[in-house]
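[1] model this:
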Amino acid sequence: MLRSFLLLAAFFGFTGVGLGAFAAHGLKDRLSTDYLAVFHTGVTYQLIHALALLAVAILCAQVPGRLMNWAGVLFCVGIVLFSGSLYTLTLTGIGKLGIITPFGGLAFLAGWVCLGLAAWRLG
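    Residues are numbered from 1 along each chain as shown. Model prediction:
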């Protein structure tokens, strides 16, 4: 999982920076201030969890196990569901997509719980 998580962390970090720049330069005249803030929230959470995924990748080499793997998977799911739904919502205006966002937030929370449990088990 080390290689997979490192590649995904790099991908999510790269796309997070790209999407942030796209919003700042390409969307500022096309989206309302509220929608720009929502888009920015998606970028922020994506970048934070790309770094968390990078940490999980590094920790997988030192602390292998299911909990660490689940933490990485859940961070990826969280990015796709949380940030992805916010991006899609702001770009399409389809408000019903907001229903998906909390599931991404729950995935983030579950990922942090798995990371915490893995640390707890280190004793």
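
[2] all helices for the chain, in order.
    Listed in chain order, the helices of the chain (DSSP state H) span residues 2-22, 33-62, 66-78, 84-92, 101-120.

[3] Would you mind measuring from residue 19 to residue 116?
    Computed with Cβ to Cβ, to the nearest Å, the distance linking residue 19 and residue 116 is 29 Å. From N, CA and C alone the C-beta is placed, and that goes for glycine too.

[4] Pick out the residue closest to the middle of the chain.
    With distances taken as Cα atoms, centre = their mean, the chain has residue 79 as the residue nearest its mean C-alpha position (2.7 Å).

[5] okay but residue 78 is in contact with residue 102, surely?
    No. At 10.8 Å, residue 78 and residue 102 do not qualify as touching, with contact defined as Cβ atoms under 8 Å.

[6] Show me which of those two is the more surrounded one.
    In this comparison of residue 78 against residue 102, neighbours counted by other Cβ atoms under 10 Å, the higher total goes to residue 78 at 26 against 12.

[7] Next up, the contacts around the more buried one.
    By Cβ atoms under 8 Å, 6 or more residues apart in numbering, the contact set of residue 78 is 45, 49, 104-108, 111.

[8] go on, residue 110?
    Residue 110 makes contacts with 70, 74, as judged by Cβ under 8 Å, 6+ apart.

[9] circling back to that earlier point, ok, of the contacts of residue 78, which come out buried?
    Neighbour counting by 16 or more other Cβ atoms under 10 Å classes 45, 49, 104, 107-108, 111 among those as buried.

[10] Let me know the closest of those residues to residue 6.
    Closest approach between the buried ones among the contacts of residue 78 and residue 6, by Cβ to Cβ: residue 49, at 14.4 Å.

[11] how close does that closest one get to residue 83?
    With distances taken as Cβ to Cβ, residue 49 is found 8 Å from residue 83.
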